[in-house]
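Chemist: Quick one: sequence and predicted model below, then my questions.
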Amino acid sequence: MPSALAHAPRPIHKVLIANRGEIAWRILRTAREMGIETVAVFSEADRMAPHVRHADWAFPIGPAPSSASYLRGESLIRLALEQGCQAIHPGYGFLSENAAFAKAVEEAGLVLVGPSSRSMEAMGNKVAAKQAVAGYEIPLVPGTDHPVSDPVQAAEIAQAIGFPLLIKAAAGGGGKGMRIVNRLEELHESLHLAISEASNAFGDGAVFLEKYIANPRHIEIQLMADDYGHTVYLFERECSIQRRHQKLVEEAPSSCLDTDLRKAMGEAAVRVAQACGYRNAGTVEFLLDQDNRFYFLEMNTRLQVEHPVTECITGLDLVRLQFEMAAGLPLTLHQEDLRINGHSIELRICAEDPRNQFLPDLGKLIRFQPPQGPGVRLDSGYEEGMDIPVHYDPLLAKLIVHAPNRLAAIARMKRALDEFELAGPATTLDFGRWVMEQSAFVEGRFDTGFIAQYFRGAESLDTPLPPWESTASESPLSLSEEIAIATAVLQHQSFSQGHPSTPVQSQSNPAPGASDAWQRLWNP
Ligand code: ADP
């Protein structure tokens with residue numbers, strides 16, 4: 001099949017996918033649908049990985065440690081050229097936000113499926129990003145827009161910002177390189193430690209100070225931009241359920257945005273893109289405080305792990321759009337035509353133990369039978385029988401559901417989790433089930449402190465809550481009633497005895513008085 005991009009300004013017939021795991025397979029799928037030939041790469045640890053089998057060609061690139069394989073940019077570029085590829089898709093992680101790699105790809109005459117190296121440079125560093133958006137009416141978290149290393153100067157700034165505050169690494173990422181400072185007396189030592197941690201972890205000791213926003217929600221806006229200055233926002237994702245400042249559950253749309261706030265944040269995100277001449281898929285991250293004021297955190301210049309929830313609610317294939325933008329095609333989407341369809345939730349299934357502070361776990365996937373059925377999607381990098389290598393991120397797969405509205409999506413996620421058969425290492429599966437059962441989550445009353453506030457490890461997971469606690473709302477019966485119905489409809493099973501709103505048995509036979517709630521649940 002000829003490539004769908006054969007006649008584009010920068011035709012792409014063949015792509016090298018410089019990644020592994022679920023994202024490599026995800027990219028392969030779209031490339032195949034578009035008629036683009038695929039070249040996969042794999043380290044010694046990934047010989048048996050599905051992305052290797054599903055690609056048109058696959059090449060070993062070295063031993064398991066990523067520094068000896070997936071991070072060897074020059075070898076990857078050489079391989080792409082030898083194999084006659086026109087493009088490299090970096091996925092996320094590894095080299096995806098490395099401006100020097102992007103530049104080398106451009107200089108080799110290849111297309112990077114992503115933004116230009118210049119935009120990456122502008123946004124790759126949190127301090128540089130703050131400077132780049134100055135003058136574009138982007139609200140910033142109060143703090144410094146330059147690196148701070150002098151303790152005397154830091155103390156003056158800290159007193160102006162107030163406590164608690166955060167010391168953040170300019171080159172930080174993946175939730176790493178942040179330190180909370182609660183009092184002036186802690187500042188000196190914390191600054192010293194933060195600088196040395198930043199230089200060890202990122203090879204760059206630059207740090208800056210930022211106000212610590214109390215109980216924020218993490219809301220990010222998905223963007224897509226072409227070469228010709230046209231950018232649209234594909235609405236928001238809420239990613240407030242985090243451990244170690246890293247996301248575990250994401251959803252779209254957010255339960256706390258109304259139309260006006262969504263538009264204001266979307267338009268601010270588009271201005272961020274304009275500030276750096278952005279092309280391709282990108283995400284602008286914001287914190288939303290308790291008074292609904294939003295603040296720019298950073299821009300991620302790549303496809304995000306959580307992109308599928310946006311795909312579900314927009315009906316778009318973001319990887320396809322990425323290929324089209326990279327090939328130089330114009331974006332044919334218009335902001336005014338874009339609509340949110342239903343609700344989508346993603347759970348990251350990581351090989352880590354929620355009973356033991358989410359520390360990584362290892363082992364063989366003895367059983368791995370994902371759920372199926374309406375509105376359920378699984379993006380996985382693993383199959384039954386595979387060993388989980390120690391060398392990489394513990395993300396095994398992503399379970400994504402889509403339903404007409406949020407409560408139906410929660411019920412669908414619970415049903416899918418009940419169906420999931422997984423044995424081997426400890427994973428976040430039962431943690432995901434626990435999240436779906438918390439009334440704070442169900443009612444949308446949560447922030448980035450959700451796990452710290454409610455989750456008690458084994459105690460939370462191994463002590464089942466009575467149903468009236470797990471889904472109860474403060475006063476009205478309607479919410480628990482709706483959840484009861486959603487669960488009954490999706491699982492064909494009734495709640496335990498004693499639930500305040502005794503359930504219906506099936507979709508066709510709702511309980512007396514419940515039909516309105518049932519209607520609301522399934523109609524967006
Ligand atoms: P990274 O690039 O490492 O992911 P971010 O700046 O994107 O770092 O922040 C990750 C998470 O850290 C946010 O979602 C939020 O939970 C927390 N965080 C970051 N900055 C602040 C802040 N100023 N106040 C409160 N929480 C913050």
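Modeler: Okay, I see it.

Chemist: How confident was the prediction at the residue nearest the centre of the chain?
Modeler: Centrality entry for the chain: nearest residue to the mean C-alpha point is Glu306, 3.1 Å, by CA atoms, centre = their mean. Looking at Glu306, its pLDDT stands at 98.

Chemist: which one is whatever residue of the stretch 1-150 of the chain ends up closest to the ligand nearest to, not counting chain neighbours?
Modeler: Closest residue of the stretch 1-150 of the chain to the ligand, CB to the nearest ligand atom: Val141 (4.7 Å). Quick note: C-beta positions are derived from backbone N, CA and C, even for glycine. In this structure, Val141 finds its nearest non-sequential neighbour in Tyr295, 4.3 Å apart by CB to CB, 6 or more residues apart in numbering.

Chemist: tell me the secondary structure for the one you found?
Modeler: Classification of Tyr295 using DSSP: H, G, I helix; E, B strand; the rest coil returns strand.

Chemist: From the ligand, how far off is it?
Modeler: Plainly put, Tyr295 is 7 Å away from the ligand if you go by CB to the nearest ligand atom, to the nearest Å.

Chemist: tell me which parts of the protein are close to the ligand?
Modeler: 141, 166, 172-176, 210-213, 216, 218, 242, 245, 285, 287, 297-298, 448 (CB under 6 Å from any ligand atom).

Chemist: Narrow those residues to those that are buried.
Modeler: 141, 166, 172, 210-213, 216, 218, 242, 285, 287, 297-298, 448 (16 or more other CB atoms under 10 Å).

Chemist: Please name whichever of the residues you listed scores lowest on pLDDT.
Modeler: Scoring these by pLDDT puts Gly172 last, at 90.

Chemist: Am I right that it falls within a strand?
Modeler: No. Checked against three-state DSSP, Gly172 lies outside a strand; its state is coil.

Chemist: In the stretch 301-450 of the chain, which residue sits nearest the ligand?
Modeler: Closest point on the stretch 301-450 of the chain to the ligand, by CB to the nearest ligand atom, is Thr448, at 3.7 Å.

Chemist: any idea which helix or strand carries the closest residue to that residue other than its chain neighbours?
Modeler: The spatially closest residue to Thr448, leaving aside those adjacent along the chain, is Ser240, at 5.0 Å (CB to CB, 6+ apart). Ser240 belongs to strand 231-243 when elements are defined using DSSP states H and E.

Chemist: same deal with Gly93?
Modeler: Applying DSSP H and E, one finds Gly93 in no helix or strand.

Chemist: what about the strands in the stretch 101-250 of the chain?
Modeler: 111-112, 165-169, 178-181, 207-211, 217-225, 231-243, 246-252 (DSSP state E, counting those that start in this stretch).

Chemist: Looks like the residue of the stretch 301-450 of the chain closest to the ligand contacts Gln242 (just checking).
Modeler: Yes. Judged on CB atoms under 8 Å, Thr448 makes contact with Gln242 at a distance of 5.5 Å.

Chemist: who touches both of the two?
Modeler: His218 (CB atoms under 8 Å, 6 or more residues apart in numbering).

Chemist: Give me the domain ranges for this structure.
Modeler: 14-113, 142-211, 214-341, 348-475, 477-522 (automatic domain parsing).

Chemist: where does the stretch 251-400 of the chain dip in pLDDT?
Modeler: The stretch 251-400 of the chain contains no residues with pLDDT under 70.

Chemist: quick one: contacts for the residue of it found nearest the ligand?
Modeler: At 4.4 Å from the ligand, Leu297 is the closest residue in the stretch 251-400 of the chain, using CB to the nearest ligand atom. Contacts for Leu297 (CB under 8 Å, 6+ apart) come out as Lys126, Val141, His218, Glu285, Phe286, Leu287.
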